[in-house]
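Student: Structure for the following, please:
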Amino acid sequence: MVEAGGTKFVCAIGDDRGSILVQARFPTTDPASTLAAVRSFFRSRSEEFGPLAAIGVGSFGPVELDKSSPHYGCLGCTPKLGWSNTDIAGVFAHDFHCPIGLDTDVNAAALAERRWGAAQDVANLVYVTIGTGIGGGAIANGAPIHGLLHPEIGHMYPRRHPLDGTFDGVCPFHGDCLEGLASGPAILARTGSLLQGLDPSHAQWDIEADYLGQLCAQLVVTLSPQRIIMGGGVMSQTHLLPPIRRRLRHWLGGYIQRSEILTDSDCYVVAPALGAQAGILGALALAIDAALAA
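Tutor: The predicted model follows:
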């Protein structure tokens, strides 16, 4: 399995019971070097554990998921320099001659949380990660949403917070989209610090909670998920969850009267149960499903 992220690649060998047997991490550098390290990991570990039954890949995006497309498995115009048009699935299919399960990293994490984590009791959910970028994976009736491409919720445009009117944003494509305003790099560019390094009274905490509350409100009125799971490095500050829930209610303006939303309980906007393992376990879920479908 491969969790292909903008800062690191996580590789693992797992089994059909959802257990990770061995795991390694590699920094995301240039495509040739990074993918060579991943292929080397699989070659050495397959000698130890036996031939691979399938490989699951949860990748940063955008990535082409339409199997009828000649560009299937290739990255699109990604903000990650040097990685646009990289065939991130084909290299593994060529080297290992086994089924490949491919999806976005956030769709994969959403699958894992539904199968083994915080959303086992619902069929419709969104998993959001807030870190180097902002991404969201959506599950409807138990399956990831694909369409023209896949959800890119980090690039929606929020209303600007009153204390954040002059910051241009950091997204290289859109400037002040959600990712440009509320990702980890946006916080650093605005304040010179990571969120956890700021005093609790710093305005950035209110700004961040407001933007993420807006995101949750938009998800409620567009996708109507039964649960929203929020992970990623910025959300390691779990005390962000209560103010996000309050801003969610503010932005809904009383329009959605559901008990799950109207309280500060941890039943609707929640932290991942699988923590930092959600991504690689999602890749394992993709591999299991690819093997079963072969």
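Student: quick one: stretch 177-189 to chain centroid distance?
Tutor: Distance of stretch 177-189 from the chain centroid (Cα atoms, centre = their mean, to the nearest Å) equals 15 Å.
Student: likewise stretch 249-267?
Tutor: That offset, for stretch 249-267, works out to 24 Å (Cα atoms, centre = their mean).
Student: now do the same end-to-end measure for it.
Tutor: Using Cα to Cα, to the nearest Å, one end of stretch 249-267 lies 14 Å from the other.
Student: same thing with stretch 14-27?
Tutor: End-to-end distance of stretch 14-27 (Cα to Cα): 21 Å.
Student: contacts for that stretch?
Tutor: 1, 7-13, 34, 37-38, 41, 45, 48-49, 115-116, 277, 280-281, 284-285, 287-288, 291 (Cβ atoms under 8 Å, 6 or more residues apart in numbering). To be clear about C-beta, it is placed using only N, CA and C from the backbone, and glycine gets the same treatment.
Student: rerun that using 6 Å as the cut-off
Tutor: With contacts defined as Cβ atoms under 6 Å, 6 or more residues apart in numbering, stretch 14-27 is touched by 1, 8, 9, 10, 11, 12, 13, 37, 41, 116, 284, 288.
Student: Next, residue 118: secondary structure please.
Tutor: Three-state call for residue 118 (DSSP: H, G, I helix; E, B strand; the rest coil): coil.
Student: so what's it up against?
Tutor: Listed by Cβ under 6 Å, 6+ apart, the contact set of residue 118 reads 229, 270, 272, 273.
Student: which of those residues has the most neighbours?
Tutor: Using other Cβ atoms under 10 Å as the neighbour test, those are led by residue 229, with 29 neighbours.
Student: Could you check the pLDDT of the spatially closest residue to that one that is not a sequence neighbour?
Tutor: Sequence neighbours aside, residue 127 is the residue nearest to residue 229 in space, at 4.7 Å (criterion: Cβ to Cβ, 6 or more residues apart in numbering). As predicted, residue 127 sits at a pLDDT of 97.
Student: Note down every partner strand of the host helix or strand of residue 127 and its orientation.
Tutor: Per DSSP states H and E: residue 127 is located in strand 125-130. Its sheet considered, strand 125-130 pairs with strand 134-140 (antiparallel), strand 227-231 (parallel) by DSSP bridges.
Student: quick one: residue 123 and residue 141 touch, right?
Tutor: Yes: between residue 123 and residue 141 there is a contact under Cβ atoms under 6 Å: 5.4 Å.
Student: related to what we said a few turns ago, I would like the residues contacting the strand holding residue 127, please.
Tutor: Contacts for strand 125-130 (Cβ under 6 Å, 6+ apart): 106, 109-110, 113, 119, 135-139, 219, 225, 227-232, 234-235.
Student: ok now it, how far from the chain's centre?
Tutor: 6 Å.
Student: Using CSV, write down the CA coordinates of it.
Tutor: In CSV, the C-alpha atoms belonging to strand 125-130 read as follows (Å, rounded to 0.1, in the frame of the first residue of the first chain):
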residue,chain,number,x,y,z
LEU,A,125,-19.5,10.8,5.3
VAL,A,126,-16.8,13.3,4.5
TYR,A,127,-13.2,13.0,5.6
VAL,A,128,-11.3,16.3,5.6
THR,A,129,-7.6,16.8,6.1
ILE,A,130,-6.1,20.2,7.0
